[in-house]
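Asks: Quick one: sequence and predicted model below, then my questions.
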Amino acid sequence: MKIPNIFSKNFWKYFYFKVIRQPGTPESIARGVAIGLAVGLIIPFGLQLAVAIPLALLLKASKVLSCLFTLVTNQVTIFFIYPVQCLIGSYLIFQPLRYAEVKHAVSSLLKEQSYHALMELGWQLTLSFFAGGTLFALLLAVPGYFVALSTVRRYRALREARRAKRLAGGGKHRMRRHHSHDAEKSTTPEQ
């Protein structure tokens, strides 16, 4: 299987059209985007789909997009997002940590990826993770909802306008064809 080049214009164009052409109402599509972003930032990597799918079902959101947008945190981005998220979260709970501490703890957790390693992080870092994740989720999911909603609505309005224009223009064209076809019939002798 070929790995997509995420830096190419075609990849992002394909992704854009996959999002805006999803079935459902613009609101359900936007809810799916917001749920995916929020879950992707609040819930630890590996448990995200177990939370995103039931939330999407409960809130009548796009299940595909809620799963897809959890990938805001993936095997590449978690090494950047999680330490910053924990660091900012530590200030939100008024227990500031140093970046080196956070980065070391998160890196060791990501290497071992076990329940035991998670429990060894301690309450301060765990609470910092969720506090920072909640802040990041608010900063991304709320605007993400409105951006997705307006983008899908605009795309569908433009598509409908093009369809209406094509039908209006095509109707006249068809009429001319039928008239010329009728004229040909009248000039040909009947047998």
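Replies: Perfect, I can see it now. Numbering: from 1, shown residues only.

Asks: Please count neighbours and contacts with C-alpha atoms only from this point.
Replies: Fine.

Asks: what about residue 96, is that helix, strand or coil?
Replies: Of the three states, residue 96 takes coil under DSSP: H, G, I helix; E, B strand; the rest coil.

Asks: repeat for residue 24
Replies: Under three-state DSSP, residue 24 falls in the coil class.

Asks: Tell me who's in contact with the spatially closest residue to it that is not a sequence neighbour.
Replies: Taking C-alpha to C-alpha, 6 or more residues apart in numbering as the measure, residue 24 lies nearest to residue 62, with 7.4 Å between them; neighbours along the chain are not counted. Taking C-alpha atoms under 8 Å, 6 or more residues apart in numbering as the contact definition, residue 62 lies against 24, 28, 29, 30, 31, 32, 33, 56.

Asks: Might you list the low-confidence residue ranges for this protein?
Replies: Low-confidence regions of the chain, defined by pLDDT under 70, span residues 1-6, 115, 118, 170-191.

Asks: before we move on, back to that, residue 98: which of the contacts of residue 62 is nearest?
Replies: The shortest distance between residue 98 and any of the contacts of residue 62, using C-alpha to C-alpha, involves residue 33 and amounts to 32.5 Å.

Asks: where's that closest one relative to residue 8, distance?
Replies: Distance check for residue 33 against residue 8: by C-alpha to C-alpha, to the nearest Å, it reads 22 Å.

Asks: more neighbours, these two?
Replies: residue 33 (32 against 9; other C-alpha atoms under 10 Å).

Asks: Correct me if wrong: that one contacts residue 64.
Replies: No - when contacts are counted by C-alpha atoms under 8 Å, residue 33 is not listed as touching residue 64 (9.2 Å).

Asks: which other helices and strands contact the longest helix seen in the chain?
Replies: Of all segments of type helix in the chain, defined using DSSP state H, the longest is helix 122-187. Helix 122-187 sits against helix 9-20, helix 26-42, helix 78-92, with contacts defined as 3 or more C-alpha pairs under 8 Å, 6 or more residues apart in numbering; DSSP states H and E.

Asks: chain center to it: distance?
Replies: The offset between the C-alpha centroid of helix 122-187 and the centroid of the whole chain comes to 15 Å, using C-alpha atoms, centre = their mean, to the nearest Å.

Asks: so that helix versus helix 9-20, what angle?
Replies: 90 degrees (axes from the mean of the first three to the mean of the last three C-alpha atoms, to 10 degrees).

Asks: what angle sits between helix 122-187 and helix 78-92?
Replies: For helix 122-187 and helix 78-92, the angle between their directions (the same axes, to 10 degrees) works out to 120 degrees.
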